[in-house]
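In: can't give you the sequence, but here's the structure:
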């Protein structure tokens with residue numbers, strides 16, 4: 001006797017959003033069911049993989065994740081091109097770590113010059129992610145938006161403290177924004193409402209619910225993302241029917257277990273394999289929670305996650 005798999009009929013749908021140059025935009029979202037439930041709904045656009053590129057040579061990255069980029073570590077343009085050409089990144093995430101007031105504190109104008117060079121060198125959508133300092137990001141990302149008019153960037157993190165300034169610049173110069181809130185479904189919805197009231201079109205908003213790494217808050221992040229997807233698909237909450245982006249690489253590779261050497265942690269095995277597996281398992285988990293874009297660091301993690309997505313969606 002054949003077994004009939006019970007199916008759920010969803011009343012909501014994740015909005016499909018174009019990113020990057022309109023002439024060859026990359027579509028994300030469009031999900032009609034819970035993640036990878038292809039037997040219940042369509043997934044016209046598979047989850048996408050972005051690769052992280054720092055705007056200055058990393059000083060605290062684990063050797064395992066820095067090794068593939070030794071030849072380009074001092075050149076973000078070459079780094080970005082390598083991620084696209086050699087590793088097949090769907091998007092590039094340029095992290096403006098050098099603008100952090102507690103670090104190098106580089107100026108907004110210096111950041112703009114780097115962004116423009118990277119944007120001109122690649123043909124995939126470019127994410128420009130600030131240093132997560134509300135005041136400095138407001139200054140830097142506003143100038144980036146203005147200087148890169150026509151580049152169709154995705155800028156973030158846009159937070160409650162700076163959404164008006166960055167949001168207004170994104171509207172004026174036609175960029176998308178990443179709405180970042182601290183692991184709370186109500187705060188995520190509220191920021192989307194605020195951006196909408198400001199005038200940011202819904203097809204230019206991505207949700208960043210804040211990401212935890214395996215063993216470091218991952219289960220809390222997962223539960224919030226799961227609730228966001230449930231509200232979007234089963235409760236017709238249109239303010240949450242937006243693609244989700246997870247900045248996984250920098251969260252994973254900063255934890256102790258991913259950075260310890262074989263001498264420091266002999267019981268944890270090969271440090272390279274260990275970090276790759278932690279990054280990959282974290283990415284798999286958030287894809288199952290509803291992530292439409294995952295930002296990764298290690299090329300081997302990218303390879304594994306691409307195989308994972310293909311295996312589940314065919």
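Out: Happy to help now that I have it. Small disclaimer: the values here were computed from a predicted structure and weren't measured.
In: Please count neighbours and contacts with C-alpha atoms only from this point.
Out: Will do.
In: By residue count, which helix of the chain is the longest?
Out: helix 271-289 (DSSP state H).
In: Point out the other helices and strands that the helix or strand following that one packs with.
Out: Counting by DSSP states H and E, the element after helix 271-289 in chain order, helix or strand, is strand 293-296. Under the contact definition 3 or more CA pairs under 8 Å, 6 or more residues apart in numbering; DSSP states H and E, strand 293-296 sits against strand 48-54, strand 245-247, helix 249-252, helix 271-289.
In: The first one versus helix 271-289: what angle between them?
Out: In other words, strand 48-54. Orientation check (axes from the mean of the first three to the mean of the last three CA atoms, to 10 degrees): strand 48-54 against helix 271-289 gives 130 degrees.
In: Tell me which strands strand 48-54 pairs with, and in which orientation.
Out: Partners of strand 48-54 in the sheet, by DSSP bridges, are strand 91-95 (parallel), strand 293-296 (parallel).
In: And for the shortest one?
Out: Strands that pair with strand 245-247, judged by DSSP bridges, come out as strand 293-296 (parallel).
In: What's the mean pLDDT across the strand it pairs with?
Out: When pLDDT is averaged over strand 293-296, the result is 98.
In: contacting residues around the very next helix or strand once past that strand?
Out: Next helix or strand after strand 293-296 toward the C-terminus (DSSP H and E): helix 299-313. Helix 299-313 has contacts (CA atoms under 8 Å, 6 or more residues apart in numbering) with 36, 38, 46-47, 49, 68, 87, 276-277, 279-280, 283-284, 296.
In: from those residues, which single one is nearest residue 103?
Out: residue 296 (22.8 Å; CA to CA).
In: Including mean neighbour count and mean pLDDT, could the helices and strands packed on strand 293-296 go into JSON lines?
Out: Listed next are the helices and strands packed on strand 293-296 as JSON lines, based on neighbours: other CA atoms under 10 Å; pLDDT from 0 to 100:
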{"stretch": "strand 48-54", "mean neighbour count": "25", "mean pLDDT": "98"}
{"stretch": "strand 245-247", "mean neighbour count": "25", "mean pLDDT": "98"}
{"stretch": "helix 249-252", "mean neighbour count": "22", "mean pLDDT": "95"}
{"stretch": "helix 271-289", "mean neighbour count": "22", "mean pLDDT": "95"}
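In: got a markdown table for the ones you listed, with distance to residue 144 too?
Out: Listed next are the helices and strands packed on strand 293-296 as a markdown table, based on distance: least, CA to CA, whole Å:
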| stretch | distance to residue 144 |
| --- | --- |
| strand 48-54 | 16 |
| strand 245-247 | 20 |
| helix 249-252 | 22 |
| helix 271-289 | 29 |
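In: which stretch among those comes nearest residue 25?
Out: Per CA to CA, nearest to residue 25 of the helices and strands packed on strand 293-296: strand 48-54, 12.8 Å.
In: For that closest one, what is the distance to the chain centroid?
Out: Strand 48-54 has its C-alpha centroid displaced from the chain centroid by 8 Å (CA atoms, centre = their mean, to the nearest Å).
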